[in-house]
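>>> Okay, sequence plus prediction incoming.
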Amino acid sequence: MDLTISIVTGFMVLGAIYAIHARDLLSSVIACAIVGYSLVICFLLLKAPDLAIVQIVVDTVTLIIMVAVVINSSREEPYTKFDTQGYITAITGILVIVILLYFFAVSSQTLDVLGKSSLRMAKYYIEGAAQKTGSANLVTGVVFDFRGYDTMGEAVVLVTAVLGVLTILRLKGKK
Amino acid sequence: MKGMTIIVKKTTQLIAGMVFMYGIYVIVHGHLTPGGGFAGGVVIAGSLILVTLAYGGDFLKLVKEETRTTIVESFATILVIMIAVSGFLFGMKIFFNNFLPKGIVGHLVSAGVLPLYNIFVGIEVAASIFIIFLSLMIFKEESPK
């Protein structure tokens, strides 16, 4: 299973790199969708079907909206020349990547195996959750019963985002 | 925004109802099978977006005339926001207190108030996603050229 997840994750990295360097904006948007749908496969392999359902639906709706935005705007990318500042930026990026990989390799020695984590709170959630909440789906029991405040904050975030969209996108003022 | 061709319209008539019913199924069975309020709400919003894209804004009377546009649009906006906020209010008031009887684990009517949370969060998410799409469409058409 680890080899499959590694292959899918490498595919996600390739899609993200192509999304930055594509000449056409439409193919860049579709390359972003590669990352999202590969993440769905990762969730299914890690045995999280709730997250997989949410991810595949949200990714499809986001792709529709982004394609509708790209078609109405200019698709051509302006030509940029690769001068000395580009070299400085590239060298800085490579340095940051090397440092991050080094610290990740050091810290990953002490971590548990993926999926085998043993949190202290998770033990109390798992044992007897069906009798405590009455829900056969453990994820719904945790999200709406044990962690109710988190779900309320999520709903408030969504309403606030919609209010922000309605405020910013209005081009013509009210009379 | 004009609609699409006759093939797309007929296919939309066949599919949109089933997609809507599937979203309701995902929401109602959220405490038994994978899924829940968020996933089902986005599925319902997707079916509404499908109908709007296939038939265009003229069929749904989204944009009529210059003078009435702001009134209709503001009323629809306020209605959808009120639905969202009411789902938030009624759904989240009784938060820590699973006061209804639990029932038998695995039945459709069980788990106390958790199905009510699922239903109201589903309504709120569907309204939010759909209103973002509608605002992108309406505000573009009424913008000065």
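Structure's in. What do you need?
>>> SS state for B:Leu32?
Under the three-state scheme (DSSP: H, G, I helix; E, B strand; the rest coil), B:Leu32 adopts coil.
>>> separation between it and A:Ile99?
Going from B:Leu32 to A:Ile99 by C-beta to C-beta, to the nearest Å gives 48 Å. Every residue, glycine included, has its C-beta placed from N, CA and C.
>>> same check, this time on B:Phe130
44 Å.
>>> before we move on, back to that, more neighbours: B:Leu32 and A:Ile99, which one.
For B:Leu32 versus A:Ile99, the count of surrounding residues by other C-beta atoms under 10 Å in any protein chain shown is larger for B:Leu32: 18 against 10.
>>> For the nearest residue to B:Val125 once chain neighbours are set aside, grab the count of nearby residues.
Once flanking residues are discounted, B:Val125 sits nearest to B:Gly41: 3.0 Å by C-beta to C-beta, 6 or more residues apart in numbering or on different chains. With neighbours defined by other C-beta under 10 Å, the count for B:Gly41 comes to 30.
>>> quick one: B:Gly41 is in a helix?
Yes - counting by three-state DSSP, B:Gly41 is part of a helix.
>>> Tell me if I'm right that it and B:Phe20 touch.
No - with contact defined as C-beta atoms under 8 Å, B:Gly41 does not count as touching B:Phe20 (11.7 Å).
>>> could you pull out the helices for chain B?
Remark: helices assigned in chain B by DSSP state H are B:6-28, B:37-59, B:66-92, B:114-141.
>>> Among the ones you listed, show the one with the smallest mean pLDDT.
By mean pLDDT, the lowest-scoring of the helices of chain B turns out to be helix B:66-92, with a mean of 57.
>>> so A:Thr151 sits right up against A:Val143, yeah?
Yes - with contact defined as C-beta under 8 Å, A:Thr151 reaches A:Val143; the gap is 5.5 Å.
>>> So between those two, which is more surrounded?
Taking other C-beta under 10 Å, A:Thr151 and A:Val143 do not tie; A:Val143 has more neighbours (24 against 20).
>>> so what pLDDT did that one get?
pLDDT for A:Val143: 79.
>>> A:Tyr149 is in contact with that one, correct?
No - with contact defined as C-beta under 8 Å, A:Val143 and A:Tyr149 do not form a contacting pair (10.9 Å).
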